[in-house]
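Asker: Below: sequence and its predicted model.
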Protein chains: 2
Amino acid sequence: MDRRATEKDDETSATERPTLKTLAFMTGLGVTTVSRALKDAPEIGAETRRRVQLVAKQIGYRPNRAGVRLRTGKTNVISLVLNTEHELMSFVSDIIYGVTEVIADTPYHLIVTPYSRSQDPLDPVRYLVETGSADGVIISRTQPNDPRARYMLERGIPFATHGRTDMGLVHPYHDFDNYAFAGEAVRYLAGVGRRRLALMTPPVGLTYYGHTVNGFADALSEVGASEVPFNTVSIDHTIEQIRMRTAQLMRRDDRPDGIISSAAAATLAVVAGIEDAGLKLGRDVDVVSKQSSEVLHLFRRELLVVNENFRLAGSELARAVLGWIGGAAPGSLQSLSKPSEVLPYRG
Amino acid sequence: MDRRATEKDDETSATERPTLKTLAFMTGLGVTTVSRALKDAPEIGAETRRRVQLVAKQIGYRPNRAGVRLRTGKTNVISLVLNTEHELMSFVSDIIYGVTEVIADTPYHLIVTPYSRSQDPLDPVRYLVETGSADGVIISRTQPNDPRARYMLERGIPFATHGRTDMGLVHPYHDFDNYAFAGEAVRYLAGVGRRRLALMTPPVGLTYYGHTVNGFADALSEVGASEVPFNTVSIDHTIEQIRMRTAQLMRRDDRPDGIISSAAAATLAVVAGIEDAGLKLGRDVDVVSKQSSEVLHLFRRELLVVNENFRLAGSELARAVLGWIGGAAPGSLQSLSKPSEVLPYRG
DNA sequence: TTGGCAATCTGTAACGTTTCAGTATATTGA
DNA sequence: TCAATATACTGAAACGTTACAGATTGCCAA
């Protein structure tokens, strides 16, 4: 029976997007052969393979994502889950660019999945997993005992966390060594004669809160300096709250002569509070702050900075997720980035 | 013939995600009926409709995106196209949140499509359109004669631009009134006695460069002030370049006594340059700057600011794209946001 | 009674892909 | 020569959805 199979349904008019059927028609092969030839399957003849790939390239064939996804369940999507209230602006921007840099020459797309204060952080993750919307997930604001990581581990969906967990479970992560950061900062301040130090902490509850606080405490006792408690605010608070609390702190008799801040945005507020109290940066108090872009030295030359590279974090996280998807061992996809030295303003 | 159709292939074990077939089995209806009942089609009985929708809600049915996309071509995806080198950090973060806010209770996902300096800005758009990867697109860095807008208009894919075009073609946009901003700024500076004004411009080539320059020029002649040319840099340049050029400018005899800056990041550099030249903000020169978050007054109290809300821009752009997708007239989906007054530091 | 019609519901095909179970031909070993 | 086997290819089915073209029922007008 003469079934010229594709003739009746495939437009030769070339205005439509080419499919496997189009390629099959053009090469005179079956769609199965074309499909396998394109992915270098072994049972396809070398010449056929080359021929198919040539034609595919010529006419600009691109696999239909919906077709692949429906058939295989593979979405070719990585989802970045973000808190719309509490992420740092520079974090969002840089991490996205870091991720896109890595997935640029892969078939992956990046989708951004937001959640707000009012929601359980588990909600967006559950949504992604239940609807099978992504092959891999990146989360931030990681907690020592993180329900999201536990959940994804149970469900077997590849993910990576920005920050570590502490649940005895192994999964990919990228983290900045905040223990080292706080330690370096304390030692630097001690080195310039500061003895009474306060810490503008990360949000209580996140893993790196603990790292930072521990690095701070350990280094304090190492150098024999003392802590001025400052735990009524964290970098999650508003500019106004931080500013006010800092001013209150700095008006006390036992005020600190050194402050360590975990985020650039908070540092702006801290400095404002210091100045509200009539004190001068670099004279009455030194401030060491993390920053992710070179902005603090423009703000006040007296600030001491340590750089944290969020774009790198994004790249590492993307690499980790892709690695896990690709079958690598989760335990081999962990990275820790060391802080730079404490940097004073350079001319 | 007793064909208990779904029995052999549908797991009753409920571990799998429910599909229309599952619903059909549970309700005893055909999958067509279920499909139509879920989307309130008219030829479905009222009771059946309610029954199907109840069961669907109970078991947490969610349509399979790949199925819908394959069958209908509808992706339920909005793509935000971003330049990875030249977007402002706050822009990226805020616009994403603005968009996600609007699409949160729709089936839409947001994908971020990046492009870098080395690429033609048309590339990512062409990719999206050719692969049918999105139902709607949002672009920024809009030009008066924008090939991307022209291309998408030709291809009939809904989009919205951040910034206007000037090609005689109508499409949705959201823009900030930079003509008004520059005018307000000039008038304010003139009002405090400044007569020789310079403009730190937007990137040459983008539409709002023209708007800003025109607003500046028109207001200058209105108030009888004069311009000090400062066109060797724009806000796209690096901090270091802007700082150096500003210092050069401020060391000249005919230096400006007022500067208007189109972006907060650039303003930091401008102020650094002013201070490099040994001049004092508020005394020797006043600076009016746009900002998108309340950061400049912490930086220097003497700065004068005008607020531009990028989160609003994101929301408006998302609304515009969804509106166009929904069949609204493109011409009815345009919005212009007016600048706030020029705001000095308030105690 | 009959034909027509509205109201509800249904099976089949198709979207583009991959997998399964082949088929046809050439090649090899005995 | 024959069977076994390797090589290179193929059609059909399935993923979950929607559109199309019916099918069934009951009701009403003639």
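Answerer: Received the coordinates, thanks.
Asker: what helix or strand does A:A160 sit in?
Answerer: For A:A160, the host element (DSSP states H and E) is strand A:159-162.
Asker: Which neighbours in the sheet does whichever helix or strand comes after that strand have, and how are they oriented?
Answerer: Scanning forward in sequence from strand A:159-162 by DSSP H and E, the next helix or strand is strand A:173-176. Strand A:173-176 has its sheet partners listed here by DSSP bridges as strand A:159-162 (parallel), strand A:334-337 (parallel).
Asker: and A:D236, what pLDDT?
Answerer: As predicted, A:D236 sits at a pLDDT of 95.
Asker: quick one: contacts for it?
Answerer: A:86, A:203 (Cβ atoms under 8 Å, 6 or more residues apart in numbering or on different chains). (C-beta placed from N, C-alpha, C; glycine too.)
Asker: For it, what is the enclosing helix or strand?
Answerer: Using DSSP H and E, A:D236 falls outside every helix and strand.
Asker: Equivalent analysis for A:V270, please.
Answerer: Short version, using DSSP H and E: A:V270 is in helix A:264-276.
Asker: List the buried residues of that helix.
Answerer: Buried residues in helix A:264-276, defined by neighbour count with 16 or more other Cβ atoms under 10 Å in any protein chain shown: A:264-275.
Asker: Now tabulate the residues you listed in a markdown table and tack on distance to A:V129 and pLDDT.
Answerer: Formatted as a markdown table, the buried residues of helix A:264-276 follow (distance: Cβ to Cβ, whole Å; pLDDT from 0 to 100):
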| residue | distance to A:V129 | pLDDT |
| --- | --- | --- |
| A:A264 | 34 | 95 |
| A:A265 | 32 | 94 |
| A:A266 | 33 | 96 |
| A:T267 | 37 | 97 |
| A:L268 | 38 | 96 |
| A:A269 | 37 | 96 |
| A:V270 | 39 | 97 |
| A:V271 | 43 | 97 |
| A:A272 | 43 | 96 |
| A:G273 | 43 | 97 |
| A:I274 | 46 | 97 |
| A:E275 | 48 | 96 |
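Asker: Please render the residues you listed as TSV that adds distance to chain B to the earlier fields.
Answerer: TSV is the format used below for those (distance: Cβ to the nearest Cβ, whole Å):
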residue	distance to chain B
A:A264	10
A:A265	8
A:A266	11
A:T267	10
A:L268	4
A:A269	7
A:V270	10
A:V271	7
A:A272	5
A:G273	10
A:I274	11
A:E275	9
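Asker: and A:L189, helix, strand or coil?
Answerer: helix (DSSP: H, G, I helix; E, B strand; the rest coil).
Asker: quick one, what contacts the residue lying closest to it once chain neighbours are set aside?
Answerer: In space, and not counting its chain neighbours, A:L189 is closest to A:G258: 3.9 Å by Cβ to Cβ, 6 or more residues apart in numbering or on different chains. Each residue near A:G258 by Cβ under 8 Å, 6+ apart is listed here: A:189, A:194-198, A:225, A:285-288.
Asker: re the thing from before, quick one: name whatever helix or strand follows the helix holding A:V270.
Answerer: Counting by DSSP H and E, what follows helix A:264-276 is strand A:286-291.
Asker: residues of that following strand that come out buried?
Answerer: Per 16+ other Cβ under 10 Å, strand A:286-291 contains these buried residues: A:286-291.
Asker: Can you list the strands that it pairs with?
Answerer: Strand A:286-291 sits in its sheet next to strand A:258-261 (parallel), strand A:304-307 (parallel), going by DSSP bridges.
Asker: one step back: partners of the residue nearest to A:L189 in the sheet?
Answerer: Residues in a beta bridge with A:G258, per DSSP bridges, are A:L197, A:D286.
Asker: Distance of it relative to A:G215?
Answerer: According to Cβ to Cβ, to the nearest Å, A:G258 stands 15 Å off from A:G215.
Asker: Next, format the contacts of A:G258 as a markdown table and append pLDDT.
Answerer: Formatted as a markdown table, those follow (pLDDT from 0 to 100):
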| residue | pLDDT |
| --- | --- |
| A:L189 | 98 |
| A:R194 | 98 |
| A:R195 | 97 |
| A:R196 | 98 |
| A:L197 | 98 |
| A:A198 | 98 |
| A:A225 | 97 |
| A:V285 | 98 |
| A:D286 | 98 |
| A:V287 | 98 |
| A:V288 | 98 |
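Asker: Pick the one among these closest to DNA strand D.
Answerer: Nearest to DNA strand D among the contacts of A:G258 is A:V288, at 54.2 Å by Cβ to the nearest atom of the strand.
Asker: Show the contacting residues for that closest one.
Answerer: A:185, A:188-189, A:258-261, A:303-306, A:342.
Asker: got it, and A:G205?
Answerer: A:Q143.
Asker: Neighbours of A:R150, how many?
Answerer: With neighbours defined by other Cβ atoms under 10 Å in any protein chain shown, the count for A:R150 comes to 15.
Asker: quick one, phi psi at it?
Answerer: phi -60, psi -50 (degrees, to the nearest 10).
Asker: do A:E240 as well
Answerer: Main-chain torsions, A:E240, degrees, to the nearest 10: phi -70, psi -40.
Asker: Just the pLDDT at it, thanks.
Answerer: Taking A:E240 on its own, its pLDDT is 94.
Asker: Excluding covalently adjacent residues, which one is nearest to A:R301?
Answerer: Excluding its sequence neighbours, the residue lying closest to A:R301 (Cβ to Cβ, 6+ apart) is A:Y345, at 4.3 Å.
Asker: does that neighbour really touch A:H297, like I thought?
Answerer: Yes. If you go by Cβ atoms under 8 Å, A:Y345 and A:H297 touch, sitting 4.9 Å apart.
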